[in-house]
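S.K.: Provided below are the primary sequence and the corresponding predicted coordinates.
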Amino acid sequence: GEALLKPHTCYWKAISAAMKAGLSLDGMAHITGGGLYENVPRVLPKNVNAVFHKSALPKPPPIFSLIVEAGSIDDEEAYRVFNMGVGMVWFVPADEAKKALKICKKAGFDAFVCGEIVKGTRKSLVE
């Protein structure tokens, strides 16, 4: 029950550090209700898709695993409704990914590269 009462995470410390460092932030999405499938496309240009690699995503927190299992929820629905442990996504040029990771880790966040942008029609995919 305590996991359900946890307040949302504030990412301002990392965001402000990224801005001060001159990181090229091409976009950001706070992953709340709507998950990766609905929140991410709102920040994408019309001609690209965001592809998230499930193997690169962290194991979801136990509360999500419990909800998914108890509700017999399939993966696509789980990643559409919940954040599944991914609280925010930054879109940065590939050559700045290491810099972005360093900034996030210094701000106290467990950051990781979880996908890529490809040609498409403004969709978000978890593969």
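M.R.: Good, I have the coordinates. Numbering: from 1, shown residues only.

S.K.: Tell me which other helices or strands the helix or strand of the chain with the lowest mean pLDDT touches.
M.R.: When the helices and strands of the chain are scored by mean pLDDT, DSSP states H and E, helix 2-5 comes last with a mean of 78. Helices and strands touching helix 2-5, by 3 or more CB pairs under 8 Å, 6 or more residues apart in numbering; DSSP states H and E, are helix 62-70. (Glycine included, C-beta is placed from N, CA and C.)

S.K.: how about the helices of this structure, start to end?
M.R.: Along the chain, the segments classed as helices by DSSP state H run 2-5, 12-20, 35-39, 62-70, 75-81, 97-106.

S.K.: So which of those is nearest V89?
M.R.: Counting by CB to CB, V89 lies closest to helix 35-39 out of these; the figure is 7.4 Å.

S.K.: Check which helices and strands that closest one sits against.
M.R.: Using 3+ CB pairs under 8 Å, 6+ apart, helix 35-39 sits against helix 75-81, strand 124-126.
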